[in-house]
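In: test case, fold it:
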Amino acid sequence: MNNRMNSRSLVALIVCAALAPSAELPVRTVVLYKHGVGYFERGGTLGPGESARLDFKAEEMNDVLKSLTINDNGGKVTGVRYDSSIPLNQKLSEFPFQIGEGQPLSAVFDQLKGARVEMEFGPQKTVGDIVSARLIPGDKDHPEREQLTLLMDSGELRNVDLSAASAIRFTDAKVQLQFREYLGALTSARSKDKRSVYIDSTDSKSRDVRAEYIMPMPAWKSSYRLLFDESGLQPTLEGWAIVDNTTGEDWTNVRMSLISGKPISFVSQLYAPKYINRPGAELPEDQAVAPTVYGGAVEAAKKAPVAVPGGRGGGGGGAMASRAMSGITSGSLNGAFTPNAGFSLGDQIQLNGSVSSSIAPAGSATEIADLFQYSIKDPVTVKKNESAMLPFLQQKIAARKLIIYSDANKTNPLSAAELTNNTGRTLDGGPITVYDAGTYAGEALVETVKNADKRFISYGVDLGTRISTTQNSRNDNVREIHVHDGLLITRSAVIQKKTYAVRNVDPRAKTLIIESPVRPSYKLIDTALPMETARDVYRFEVEVPANGNVDFPITEENVYDQQTAISNITPDSLAVYIRNKTISDAARRQLQQIADVKTQLVANDKEKSNIDGDIQNTTRDEDRNRQNIASLSQVSGQQQIVQDYARKLSDQETQIAKLRDRQTALETQRTSLLSQLNGLIDKLEF
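Out: Numbers count the residues shown, from 1 in each chain. All right, here's what the predicted structure looks like:
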């Protein structure tokens with residue numbers, strides 16, 4: 001057992017020789033955004049030949065690879081490496097050896113036959129090539145031991161006891177590197193969620209290195225306290241930012257900034273290997289020619305024998321269309337990085353060493369294009385997996401107390417305040433807790449407010465004010481009549497009046513804001529102008545006296561047009577428009593002419609319909625008379641009756657002829673009336 005422990009200790013020695021310590025690049029600056037990313041700046045000293053290691057979660061790698069920028073201040077950063085997303089088993093299978101769990105050192109060395117090792121046995125060193133290694137089981141007289149067979153430079157084979165060696169070193173740098181990479185893969189795999197990025201340097205002296213990148217982060221949250229004193233004038237507004245450290249490492253004395261706004265950001269799949277399916281292409285001449293198989297003759301020729309080939313069993317390979325393939329070149333990470341070629345937030349944060357910091361001892365707030373930045377005045381420390389509340393605002397703000405009534409289904413308005421942002425900075429949206437004269441008064445929610453803009457907030461129910469509404473409406477008469485292109489266009493209006501009855505039972509006067517919906521196609525009439533109009537409501541300001549009542553009416557009208565083809569309007573409906581006082585006498589005469597022609601057309605259609613009915617009735621009578629004549633003609637003594645039916649049939653034929661003549665005349669008259677009507681309609685315009 002002691003020998004086994006000694007062999008494992010030798011593995012540890014090899015590991016220590018293979019793995020070099022990584023330089024530290026602690027976090028110096030953190031900038032958190034509202035859209036789910038954070039900007040980080042790390043800095044530290046990279047010694048000669050050292051590598052700095054940055055650890056991330058797997059889901060963070062896409063953003064890191066998209067945004068990582070290195071500033072080495074003129075040094076030689078030779079490249080950036082990172083743990084790939086290849087499964088561990090696949091990574092380890094590429095090495096020429098495997099180190100299993102609990103595996104003895106001899107089993108590892110036996111996989112490295114031919115590798116040259118240098119072993120120390122006290123002051124004596126032994127150098128040779130590995131021939132084999134084995135574990136010799138113990139017995140009652142001898143403990144278990146590991147034996148290594150070496151080929152010495154003299155050509156002799158020598159067995160050495162691994163447990164007796166105080167140090168073992170591979171003289172081949174390639175084998176050392178393989179051990180380093182193998183053990184590095186095992187180290188990175190201990191955490192399934194952790195991935196490492198390595199910054200390598202081959203410079204001969206130490207250099208200051210900064211790394212900057214973005215990665216997914218929880219959006220920072222803002223909350224406010226609005227503090228009214230007993231006078232209720234110009235309260236104090238306090239702003240607090242809530243930040244969450246989910247990075248897995250402490251933020252110690254970092255510069256913290258918070259960005260309000262939502263720049264465009266997206267995730268691009270850069271971490272996972274991407275494989276492209278490529279089409280196959282071959283030249284026609286590269287195709288092999290298939291053999292031809294000839295069948296035997298069916299019948300011998302009677303003349304000179306002639307060889308006649310039979311059917312072929314197989315043909316030559318067809319030509320394949322060749323396709324050009326574009327080359328793909330991959331860039332190298334070797335070489336120094338260009339300073340100042342990365343992510344920039346403006347002049348407020350020192351990026352890449354080229355811009356000065358604006359973080360003043362008292363803190364600052366600055367516009368950055370469409371974004372707004374809050375800089376925390378003092379360095380911030382937030383432990384990993386912890387959150388913090390950071391103050392970013394405390395100053396007086398212009399405000400006035402009032403009440404707001406928005407929901408006509410409720411009886412009481414809401415206690416509210418009108419805030420005017422005179423802080424000189426953008427106020428990020430968030431919840432507001434209101435304190436009035438040192439007492440909790442309620443809570444509100446406000447969206448982002450730019451400087452010099454204002455918002456209303458409501459934080460409670462005003463039980464001392466009651467409001468009821470009454471509503472009535474009426475349809476106004478036709479206001480205008482126009483005719484164009486044969487269409488009669490009328491303009492009418494619907495007028496609606498809504499009255500707010502306000503009752504204040506408190507011994508103090510109040511300012512009431514009534515929000516009335518903005519309705520499409522309706523406009524205000526006979527009403528005081530609103531103090532302002534939002535996207536979907538009018539806001540009216542009403543002063544309500546102490547222990548008093550106020551009625552506030554809001555009147556709106558909807559003016560609408562209707563159009564109808566004149567050819568489809570009945571004479572009675574035209575008579576209504578003719579009597580309307582809004583049209584001129586000339587227009588009235590024109591409409592009267594059209595109405596007269598339409599009246600004649602109605603009479604024509606009615607008479608024609610009657611004639612059609614008479615013809616149908618007379619035709620049915622004729623059929624019955626013919627049937628009677630046919631049946632009575634076969635009976636003796638019925639000749640007189642038959643003659644009577646015959647005379648009736650003759651009279652009916654004469655009647656039908658006259659009706660059809662009148663029918664034809666009516667059709668002619670109708671055609672003439674339609675032509676006259678169309679002519680009148682074409683000329684009608686007012």
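
In: how far does stretch 103-123 stretch from start to finish?
Out: 29 Å (Cα to Cα, to the nearest Å).

In: what comes into contact with it?
Out: 4, 7-8, 10-11, 96-100, 125-135, 146-148, 150, 160, 162, 164-172, 175 (Cβ atoms under 8 Å, 6 or more residues apart in numbering). In this view, the C-beta of every residue, glycine as well, is placed from N, C-alpha and C.

In: same deal with stretch 519-536?
Out: 495-496, 513, 515-518, 538-541, 553-560.

In: how does it look with 10 Å?
Out: 454, 456, 493-498, 513-518, 537-542, 552-560 (Cβ atoms under 10 Å, 6 or more residues apart in numbering).

In: now do stretch 646-657
Out: 614-615, 618-619, 621-622, 624-626, 628-629.

In: which among these count as buried?
Out: Taking 16 or more other Cβ atoms under 10 Å as the criterion, what is buried in the contacts of stretch 646-657 is 614-615, 618, 622, 625, 628-629.

In: where along the chain do the helices fall?
Out: Secondary structure of the chain by DSSP state H: the helices cover 2-18, 61-67, 88-92, 105-110, 173-189, 571-578, 585-632, 639-683.

In: list the contacts for the residue nearest to the spatial centre of the chain?
Out: Nearest residue to the geometric centre of the chain (Cα atoms, centre = their mean): F266, 9.6 Å. Residues near F266 by Cβ under 10 Å, 6+ apart: 62-63, 66.

In: which one of those is nearest to T439?
Out: D63 (46.1 Å; Cβ to Cβ).

In: how many neighbours does the spatially closest residue to that closest one that is not a sequence neighbour have?
Out: Spatially, and ignoring its direct neighbours in sequence, D63 is nearest to M215 (4.7 Å; Cβ to Cβ, 6 or more residues apart in numbering). Using other Cβ atoms under 10 Å, the number of residues around M215 comes to 20.

In: any weak-confidence spans in this structure?
Out: 1-22, 74-78, 85-87, 188-193, 203, 287-365, 367-370 (pLDDT under 70).

In: how far away is the closest residue to Q394 other than its chain neighbours from L157?
Out: Closest residue to Q394 apart from its sequence neighbours, by Cβ to Cβ, 6+ apart: E238 at 4.9 Å. Going from E238 to L157 by Cβ to Cβ, to the nearest Å gives 83 Å.

In: more neighbours: the two, which one.
Out: Neighbour count, other Cβ under 10 Å: between E238 and L157, E238 has more, with 17 against 11.

In: please name the bridge partners of the more buried one.
Out: R225, Q394 (DSSP bridges).

In: need the contact list for it.
Out: E238 touches 223-227, 391-395, 432-433, 435, counting by Cβ under 10 Å, 6+ apart.

In: need the buried ones from those selected in PyMOL.
Out: Buried residues within the contacts of E238, by 16+ other Cβ under 10 Å, are selected in PyMOL with:
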select buried, resi 223+224+225+226+227+392+393+432+433+435
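
In: could I get the contacts of E238 as TSV with distance to T599?
Out: Compiled in TSV, those are given as follows (distance: Cβ to Cβ, whole Å):
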residue	distance to T599
S223	78
Y224	76
R225	80
L226	75
L227	81
P391	86
F392	83
L393	81
Q394	85
Q395	82
I432	73
T433	77
Y435	80
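
In: buried residues in stretch 491-505?
Out: In stretch 491-505, residues buried by neighbour count (16+ other Cβ under 10 Å) are 495, 497-498, 500, 502, 504.

In: re earlier: closest to T247 out of the buried ones among the contacts of stretch 646-657?
Out: Of these, the one sitting nearest to T247 (Cβ to Cβ) turns out to be I615, at 99.0 Å.

In: for the closest residue to that closest one other than its chain neighbours, give me its contacts.
Out: Closest residue to I615 apart from its sequence neighbours, by Cβ to Cβ, 6+ apart: L659 at 5.1 Å. By Cβ under 10 Å, 6+ apart, L659 lies in contact with 610-615, 618.

In: and these as a markdown table, adding distance to R195?
Out: Listed next are those as a markdown table, based on distance: Cβ to Cβ, whole Å:
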| residue | distance to R195 |
| --- | --- |
| N610 | 97 |
| I611 | 98 |
| D612 | 93 |
| G613 | 95 |
| D614 | 100 |
| I615 | 98 |
| T618 | 103 |
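
In: who wins for neighbours among the contacts of F266?
Out: Most surrounded of the contacts of F266: other Cβ under 10 Å gives D63, at 24 neighbours.

In: quick one: that one from A603, how far?
Out: Taken as Cβ to Cβ, the span from D63 to A603 is 85 Å.

In: what of G613?
Out: 16 Å.

In: coming back round to it: filter the contacts of stretch 519-536 down to the buried ones, PyMOL style.
Out: A single PyMOL command selects the buried members of those (16+ other Cβ under 10 Å):
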select buried, resi 456+495+497+498+513+514+515+516+518+537+538+539+540+542+552+554+556+557+558
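
In: phi, psi for the residue lying closest to K262 once chain neighbours are set aside please.
Out: Leaving aside its chain neighbours, K262 sits nearest to H35 (4.5 Å; criterion: Cβ to Cβ, 6+ apart). Per-residue torsions, H35: phi -110, psi 20 (degrees, to the nearest 10).

In: again with K34
Out: phi -80, psi -10.

In: can you pull the contacts of it?
Out: Here K34 is in contact with 219-222, 258-263, 371-372, 428-429, 448 (Cβ under 10 Å, 6+ apart).

In: the residues you listed, buried ones only, as a ChimeraX selection?
Out: In ChimeraX, a selection of the buried entries from the contacts of K34 looks like this (16+ other Cβ under 10 Å):
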select :220,221,222,258,259,260,261,371,372,428,429,448
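
In: okay, now the closest residue to K221 other than its chain neighbours: neighbour count?
Out: Nearest in space to K221, with sequence neighbours left out and distances taken as Cβ to Cβ, 6+ apart, is I242 at 4.3 Å. Other residues lying near I242 total 16 when counted by other Cβ under 10 Å.

In: next: the one 3 residues further on.
Out: For N245, the count of nearby residues is 23 (other Cβ under 10 Å).

In: just to check, it is in contact with L390?
Out: No. N245 sits out of contact with L390 when judged by Cβ atoms under 10 Å, with a separation of 11.9 Å.

In: what do the two both touch?
Out: 380, 382.

In: state the phi and psi torsions of I376.
Out: Per degrees, to the nearest 10, the backbone of I376 is at phi -70, psi 130.

In: does it really touch L390, like I thought?
Out: Yes. Using Cβ under 10 Å, I376 makes contact with L390 at a distance of 5.3 Å.
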